[in-house]
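# Turn this into a model:
(3 chains)
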Amino acid sequence: MLTRLILRRLALGLLTLWLVSLLVFAATLALPGDAAQAILGREATPERLAALRDQLHLDEPVVTQYLKWLGGILTGDLGNSAATQQPVSELLSDRVGNSLFLVVVSAVVAVPLSIFVGVWTAMRRDRAPDHIVSTGSLILASLPEFVIGIALILLFATEVFHAFPAVSLLGPGEKAWDDPKVVVLPAATLVLAVVPYISRIMRGSMVEVLESEYVTMATLKGLPRRTVIWRHAVPNAIVPAIQVTALQLAYLAGGVVVVEFVFSYPGIGAALVEAVGNRDMPVVQTVTMLAAGIYVGLNILADVATILVTPKLRTAAR
Amino acid sequence: MTDQTVDSALDLALDQPVALVEAAPARGRFALVRDALRLGRTRVGLAIVALIVLIALVGPLVAPHSPTEFVGIPNSPPGGEAAFGTDALGRDVLSRFLHGGITVLWLSAAATLLGMVVGTVVGLVAAYSRNWLDDVLMRGNDVLLAFPQIIFVLLAVSALGPKLWLIVLTVGLTHAPRVARVIRGAALEVVERDFVKSAEVVGEERWRIVFAEVLPNVTSPLLVELGLRMTYSIGLVAGISFLGFGLQPPSADWGLMINENRLSITVQPWAVLLPVIAIGLLTIGTNLVTDGLSRALAGIDRKADS
Amino acid sequence: MVWLDEELTRRQVIRAGAAGGLALGAGGALAGCFGGDDDSANNGAPAPQAQPGDFRPGGTLRIGATGGGAEDTVDGQKPTSDPDIMRTWQLFEPLAVRNAAFTKLEMVLAESLEAEKGKADTWTVRLKPDLEFHNGKTVTADDVIFSLQRILDPKDPKVGAASIGYVDAKGLKKMDARTVRIPLKFANSSFPEDLGQYFNNIVPTDFDPKNPVGTGAFKYKSLKPGEQSTFVRFPNYWRKGEPYVDELVIIDFTEPTAKVNALVGGQVEAINNVPFSQVSSLQGNGNLKVVISETGSWQPFTMRVDADPFKDNRVRQAMRLLVDRDQMVQQVLSGQGRIANDLYAPYDDCYAKDLPQRKQDLEQAKSLLKQAGQSDLRVELVTGDIFRGVVEAAQVFAEQAKGAGVEVKVRKVDTGTFYGDNYLSWPFAQDFWATRTYLTQVAQGSLPDSPFNETHWDDKEFQSLIRQARGELDEDKRCELLKEAQKLEYDKGGYIIPYFSNSVDAHSSKIGGIQEAKSGFTLGNYQLRSVGFLK
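Numbering: from 1, shown residues only, chains lettered A, B, ... in the order given. This is a model prediction of the structure:
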């Protein structure tokens, strides 16, 4: 039954992705006038127009257009960028790596930090440190990413300290991990954007666990407090945090767009902004599908993880 | 960040409605607002929001210069004619700042309103129908939820170009499913109540039941959701402008100001700093209010429980 | 005769030819006109430069540029972005090209380029002897014919096709191993100028764009589109001693700020197109040198002379009187430019410099608009991020127009839309153009069959003057015709040309040899062969 529950979620996820693909495809239909002409603009030589029409299958019925487009996405044949004529896959491959690096670095910092902050404040519940952190995270959570990013630039790159580059400049052929300095401020922005959410839920869940009989028992048994907290309480409190963590990581798929633009970080988010400016639909559609895929994928993962670790759900499924 | 977000987040992920509120119509419509106003954070939040709204509304009247007039050489430092210096084109930073708030406010308000209305209707209908319609609506929700909000807006902009109505429409649309989930969750429980059942027995029309009986009982979560969505709307609308797809030159607009002047941030930080601070304060303000409401709501919950 | 090569003849010879009138015939006159007179040559001479003796040979020179992308190419006849153009100048050479000072057309691969029988409809090009391609092959007449035909290929016209489309490609004839006869479809004394442009490069008959072979000072090594390209010294380059460096790397940056940071951080030795707002801070840096060049590049407002309300010439005149050009230079260019007079091609010897400088005159503008029945004129100005300063200029124009009660609504569209269906038919928009001589520019944008006639300028009198001038090989007579043509554009044309913008390069003080370039081609006509590390 458990397998069925998981399979059901997978099926729902796939259904969602399919519907998403319809919507993303519809964006080409919404282009005013001749789609190829609208995309190419001044570069619309007859050959290029013909090539793009061919690539988008514009001369065929809409359904065929869609099926061929979807087939291309599924087989990794993403077509050519309308602005640059380069295959989209080639255009984005390095950038995907850079964006993933940024997201992974942010997650690796943010998740343990959030758990720590959550536990730490839960143990000081309703005392000054708790209130300070709570107010601080409320404020941080309010701020749009670009506000955080620009504040970090002013603070650490231009006005006060000159510790990190304001612009994530990568040398030719360099990847973000070759020059980790460039990732510091963008990653810090994302970390500051997600930590409040995860730590908040971690705190709430930790407070509940700390009040539970189970923990009281352990304390009464005379186990050292450190052991009680980290061995017994935290592992139990972490379950609800899984969901939020996954959601926040999924959220990063959107957050990178603005953050990469702020720092001119060479990832897919910055590529998306550029592509939107150029009406480069093949690139826009690819990045959009990618983001949606990550979003849905992470949600499924989170669901599965939650189902697996939640005893109640396991029983219910049975 | 509020408990609300977290709840709706969980709800979204688990696809299991979480009843948010034990609605208590007897307590009166404004109880929540009254409770919230007792909290310091709500008042601070309101004060901040009022300040920024005041700047945005009155600013154009008190600005020393026209927002498009040239008062000096580009990127000149504060002093003389321009209290905060000039921007990349030599216009008065202060005057552009004072003129630039109103668009952010009305665009985000319009988007929020749209998202709230659509989301509430969808949520209520889904909760009340509880049949295939519910499934269809929720599936539609999932599709919109699969896009990070900003990416959905950018997808639309790439197809139709940067237009203000499109930004209001798409930001509003991406709010709708998020609102719908919360409202559906709250309403699911209300529709099971006796007064709804009796209304059905009396033969009241369905739309009347939904809007006259169910809706008034979910106003509290609705209010919290409103605050939350407003906060996100401001971030999104200003962010889109910042990316260059919102207001277009020579408009004075906070998001656009940041975009126009960020390349000269080392030479003239004020042209970026003023709008950044204003947008930051505004979102902090709306979120403080939301948090106050949400805490007051939790208080109601506690009372209802006991 | 003559488009003699500078090395063989030097300026004096040309001057002698021109002054003498002379047995050289029509060609001599041409040399005078296109070659520029002595004065302008002197004026255009660059400031004292590092001499070859100052350089230590070798080293890797890294240049930062912006504007490239995934479409980057090393096809010498298809450059579009700035890094493309920069690469093209290193790998390839045309038959002739305007020098960096823009004072004269300099022979490059050609030894001479002359009109036959005093008529401008057939030309003969003679190659320098013993020119060598990177693969060791000698440059011959066949390569010239192949190159021109490749540019004009109707199935895949290259960048240069728009400039020399009137060449009768099928009629090209090899006279001997170094000589080609080029028939034109109509007489055009401007042919050497049209041909002598950086994109009309000579490539070998077996040209393969994937492994580009040219005659330039550097050989191709690698290209990573949107990132960087690498070149190595061509040891058999015909200009002896050059280039100085062993390796050249051109790096694409996505943003001007990133480029500036890279220079300051020592990741590149030189950059071009420095953002104007950064000029003063770079000038204050002791490790750097800033090279500011006046250019003839212009970014006009374009009014369609056949569309309302600009159909009425009084409206066009009024619009031109709205502009405070000094303020425009100050606000838009941070002072990095000089005012213009609604005319282009300022470095042409026939430039109509006697026409009075147009100044802002709001009263006159109002009265003209009133006469035209357009007292409450409201127009939409379409702009976009098509060139540095263009969007800003639109905003400044709108502000200045208010002074005469004219409401200009600036409509910024994305570049895709700007160059979309409506490109070349926006009633009121903007564009950007490089430094050119007058007739070359006219061919591009001011005739009914010009590829980019954005103002729809279609004036019979003007066309007749241009036709006569093209057929006229006598310099003075031609200048008279061209000045008349310019007067027509000045009085009735659709361009508002507020300024010519500077181009600004910056480089590390470790290197030398980067000259000013009025041509608008940065880094001294991208002449990296004469750049070296100082001893």
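# same for the helix or strand hosting C:Ala393, what does it pack against?
Using DSSP states H and E, C:Ala393 sits within helix C:390-402. On a contact count with 3 or more Cβ pairs under 8 Å, 6 or more residues apart in numbering or on different chains; DSSP states H and E, helix C:390-402 meets strand C:301-303, helix C:325-333, strand C:378-383, strand C:407-412, strand C:428-430. Placement of C-beta: from N, CA and C, glycine included.
# Turn those into TSV, columns for mean neighbour count.
Shown next, in TSV, are these (neighbours: other Cβ atoms under 10 Å in any protein chain shown):
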stretch	mean neighbour count
strand C:301-303	26
helix C:325-333	22
strand C:378-383	19
strand C:407-412	18
strand C:428-430	25
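# how about these, which one is nearest chain A?
strand C:407-412 (11.3 Å; Cβ to the nearest Cβ).
# Given that closest one, what are its sheet partners and their directions?
strand C:378-383 (parallel) (DSSP bridges).
# Any idea how far the strand it pairs with is from the middle of the chain?
Distance of strand C:378-383 from the chain centroid (Cα atoms, centre = their mean, to the nearest Å) equals 28 Å.
# what about it, average pLDDT?
Mean pLDDT, strand C:378-383: 94.
# Could you take the helices and strands packed on helix C:390-402 and lay them out as CSV, with extra columns for distance to C:Leu195?
Listed next are the helices and strands packed on helix C:390-402 as CSV, based on distance: least, Cβ to Cβ, whole Å:
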stretch, distance to C:Leu195
strand C:301-303, 27
helix C:325-333, 32
strand C:378-383, 34
strand C:407-412, 38
strand C:428-430, 29
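# give the contact list for C:Ser446.
C:Asn453, C:Thr455, C:Trp457, C:Phe462, C:Ile466, C:Glu489, C:Gly493 (Cβ atoms under 8 Å, 6 or more residues apart in numbering or on different chains).
# burial measure for the last one, as a count.
By the measure other Cβ atoms under 10 Å in any protein chain shown, the count of residues near C:Gly493 is 25.
# One more: the fifth one?
The local packing of C:Ile466 (other Cβ under 10 Å) involves 22 other residues.
# would you say it is within a helix?
Yes. Judged by DSSP: H, G, I helix; E, B strand; the rest coil, C:Ile466 forms part of a helix.
# so it makes contact with C:Leu488?
No. The criterion here is Cβ atoms under 8 Å, and C:Ile466 misses it with C:Leu488 at 10.1 Å.
# Please, where are all the strands along the stretch 1-150 of chain C?
Shown for the stretch 1-150 of chain C, the strands assigned by DSSP state E, counting those that start in this stretch span residues C:55-56, C:60-66, C:96-98, C:105-107, C:110-115, C:122-127.
# mind giving me TSV with these and columns for mean neighbour count?
Shown next, in TSV, are the strands of the stretch 1-150 of chain C (neighbours: other Cβ under 10 Å):
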stretch	mean neighbour count
strand C:55-56	16
strand C:60-66	24
strand C:96-98	24
strand C:105-107	23
strand C:110-115	24
strand C:122-127	21
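# and chain A, which of the ones you listed is closest to it?
That would be strand C:60-66 among the strands of the stretch 1-150 of chain C, by Cβ to the nearest Cβ, at 9.3 Å.
# ok, the closest one near chain B or not?
No. Contact of strand C:60-66 with chain B (Cβ under 8 Å from any Cβ of the partner chain) is absent, the minimum separation being 12.0 Å.
# What is that strand packed up against?
If contacts are counted by 3+ Cβ pairs under 8 Å, 6+ apart, strand C:60-66 sits against helix C:82-91, strand C:247-253, helix C:256-264, strand C:270-271.
# distance between that strand and the chain's centre?
On Cα atoms, centre = their mean, the centre of strand C:60-66 falls 21 Å from the chain's centre.
# and the angle from that strand to helix C:82-91?
Per axes from the mean of the first three to the mean of the last three Cα atoms, to 10 degrees, the angle that strand C:60-66 makes with helix C:82-91 is 150 degrees.
# What are the contacting residues of strand C:60-66?
By Cβ under 8 Å, 6+ apart, strand C:60-66 touches C:82-83, C:86, C:245-256, C:259, C:262-263, C:267-273, C:511, C:523, C:528, C:531, C:533.
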